[in-house]
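> Sequence and predicted structure below; questions after.
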Amino acid sequence: MTRLYDMHCHLDFADDATDVAAAAQDAGLVALCSTVVPSSFVAAREEFSPYPDIHVALGMHPWWVAQDRVSEVDLARFEALAPETPYIGEVGLDFHSKRGATRQRQEEVLYRLLSCLGEGERGKVVFLHAVRAADAVLDMLERCGTTTAHTCVFHWFQGTPDDFGRALANDCWFSIGMRMLATDAGRMFAKAVPDERLLVETDNPPHEGMPYTLDMWTEELHNAMVDLAKLRGCSVEALNELLTANSEAILAR
């Protein structure tokens, strides 16, 4: 059975998430579900515990920070839970015009999150959100020593060529999905990611409580792989072999 890997999704947002997880397990689909606040992580970890191919990351999404939906209790809970999981995400910064006024708060939170990772074991995988903020995220990663101690993955990279080069120099990985492949800049970066740093994602479902099915999930993954293989000048089969090896390497960390 051919296995598919989705290394950045939000499966817990699906209205029938448990049923979709069960179907994915039967179909050989392996996923990394990023969460948006610690309570979501705890709930998703419990919900998906019967399905070993559904992995869950502890997150603190910058949108929730910008919307003032992150309390001191949430931050303390993140710090307490971080030692329990090898996967952190998604975390980061978002300086879109709707959220730019919260830049200082977002940076304070991200610094605290990354600092607590520096106090624990090494070797976690950190999934990063950076909108109009790739340089600031890289500054924070370097300041906290995160790229030295852990493996960092930019999901849907949206920085500049200089940011991309700096991320590569910091040994960062990149997960590519249909949204990234829909823009000229995204396609440029997707083509340039070294083979050994490449992952694929859906980032779906995009909103809480959305109807979602295994067919919707696999169709999006297939479309992303077809477009990415064409862009990179290889067969879908060869790309899937590469993605399988890379995803297994990430999940083994």
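Nice, I can see it.
> H129 - that's part of a strand, no?
Yes - the assignment for H129 (DSSP: H, G, I helix; E, B strand; the rest coil) places it in a strand.
> Excluding covalently adjacent residues, which one is nearest to it?
G92 (3.4 Å; C-beta to C-beta, 6 or more residues apart in numbering). The C-beta positions use only the backbone N, C-alpha and C, and glycine is treated the same way.
> Show the contacting residues for the one you found.
H61, P62, L110, L128, H129, A130, A133, V137 (C-beta atoms under 8 Å, 6 or more residues apart in numbering).
> so it sits in a helix?
No - under three-state DSSP, G92 falls outside any helix and is assigned strand.
> Now do the strands in the stretch 151-253 of the chain.
151-155, 173-176, 198-200 (DSSP state E, counting those that start in this stretch).
> The stretch 1-150 of the chain now?
Using DSSP E, counting those that start in this stretch, the strands of the stretch 1-150 of the chain run over 4-9, 29-34, 54-57, 87-94, 125-131.
> Minimum distance to V200: which of the ones you listed has it?
strand 4-9 (6.5 Å; C-beta to C-beta).
> so where's the protein uncertain?
Within the chain, the stretches with pLDDT under 70 are 1, 120.
> let's go with 90 and repeat that
By pLDDT under 90, the weakly predicted segments of the chain are 1-2, 97-100, 118-122, 253.
> Quick one: the helices in it, in order.
Ranges of helices within the chain are 17-27, 38-47, 62-66, 72-81, 103-118, 134-144, 146-149, 161-169, 178-181, 184-192, 214-232, 236-251, based on DSSP state H.
> now the fourth one, how far from the centre of its chain.
Its chain's C-alpha centre and that of helix 72-81 lie 20 Å apart, by C-alpha atoms, centre = their mean, to the nearest Å.
> Output that helix in PDB, but only the C-alpha positions, please.
The C-alpha trace of helix 72-81 is given here as PDB (Å, rounded to 0.1, in the frame of the first residue of the first chain):
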ATOM      1  CA  GLU A  72      -1.000  33.500  31.100                       C
ATOM      2  CA  VAL A  73      -2.600  30.100  32.000                       C
ATOM      3  CA  ASP A  74      -2.200  29.000  28.300                       C
ATOM      4  CA  LEU A  75       1.500  30.000  28.300                       C
ATOM      5  CA  ALA A  76       2.200  28.200  31.600                       C
ATOM      6  CA  ARG A  77       0.400  25.100  30.200                       C
ATOM      7  CA  PHE A  78       2.500  25.200  27.100                       C
ATOM      8  CA  GLU A  79       5.600  25.200  29.200                       C
ATOM      9  CA  ALA A  80       4.400  22.300  31.200                       C
ATOM     10  CA  LEU A  81       3.300  20.200  28.200                       C
END
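> Now do it: everything it contacts.
Contacts of helix 72-81 (C-beta under 8 Å, 6+ apart): V37, P38, S39, F41, V42, L58, M60, V109, R112, L113, C116.
> Give me the buried subset of these.
With burial judged by 16 or more other C-beta atoms under 10 Å, the buried subset of the contacts of helix 72-81 is V37, P38, F41, V42, L58, M60, V109, L113, C116.
> what's the most distant pair in the residues you listed?
Farthest pair in the buried ones among the contacts of helix 72-81, by C-beta to C-beta: V42 and V109, 18.7 Å.
> on that earlier part again, mind checking which of the strands of the stretch 1-150 of the chain is nearest V193?
strand 4-9 (12.9 Å).
> ok, residues contacting the closest one?
So strand 4-9 is contacted by 27-34, 89-90, 127, 153, 155-156, 175, 177, 199-204, 217-218, 221-222, 240, 243-244, 247, 250 (C-beta under 8 Å, 6+ apart).
> rerun that using 7 Å as the cut-off
28-34, 127, 155, 175, 199-204, 218, 221, 243-244, 247, 250 (C-beta atoms under 7 Å, 6 or more residues apart in numbering).
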